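1. Sequence below, structure please.
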Amino acid sequence: MTIFTLVATFWVDRIGRRVLFLTSCGGVVLSLIGLAVGLIVIDCNDDREVTWAVGLCIVMALSCVASFSIGMGPIAWVYSSEIFPLRLRAQGCSMGIAVNRLTSEVVSMTFISLYEAITIGGAFLLYTGIGIVSWIFFYTLLPETKGKTLNGGPVWHFL
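-> The predicted model follows:
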């Protein structure tokens, strides 16, 4: 999956951060939908063999990691350093890292309780919903930073 991070490295200045972010998030959402469907089918067919659903889950998990690696993984760090004006950059990046780590911790610590409460397929459908909301957020609120200078002022006008 490292190869997909390399793809992002070479495309980030060519096609832009926003395009990679939106493509990545869309790929993650589609992968999570496929993974949820496969897990629901497996969960509903305890006594029957559903090898196609197992194969679908494997492919969708790999697709999710690849999609994340092409944009949401590496571009988030690049983007967070570009959207803040110089006077707020250190604080802004620090807050971004803190929120990133806190969110990862919450997902890790609640996953088992979540899938026991709403099934494993339901958990991934919930994550799909969060991914859809994320895509809408990225589409409506995050501007493109390709070609902008780091000292050229904030990308957002209210900072």
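2. who does the lengthiest helix in the chain touch, helix- and strand-wise?
-> Ordering each helix of the chain by length in residues (DSSP state H) puts helix 89-118 first. In terms of contacts (3 or more Cβ pairs under 8 Å, 6 or more residues apart in numbering; DSSP states H and E), helix 89-118 is packed against helix 74-82, helix 120-141. (Each C-beta comes from the backbone N, C-alpha and C, glycine too.)
3. If we use 6 Å, what do you get?
-> If contacts are counted by 3 or more Cβ pairs under 6 Å, 6 or more residues apart in numbering; DSSP states H and E, helix 89-118 sits against helix 74-82.
4. What residues sit buried inside the helix it packs on?
-> 74, 75, 76, 78, 79, 80, 82 (16 or more other Cβ atoms under 10 Å).
5. still on that earlier bit, in the longest helix of the chain, what counts as buried?
-> Buried residues in helix 89-118 (16+ other Cβ under 10 Å): 89, 92, 93, 96, 114, 115.
6. between it and helix 74-82, what angle do the directions make?
-> 140 degrees (axes from the mean of the first three to the mean of the last three Cα atoms, to 10 degrees).
7. State the mean pLDDT of helix 89-118.
-> Per-residue pLDDT over helix 89-118 has a mean of 92.
8. chain center to it, what's the gap?
-> 12 Å (Cα atoms, centre = their mean, to the nearest Å).
9. what bits of the protein have low per-residue confidence?
-> Within the chain, the stretches with pLDDT under 70 are 1, 148-159.
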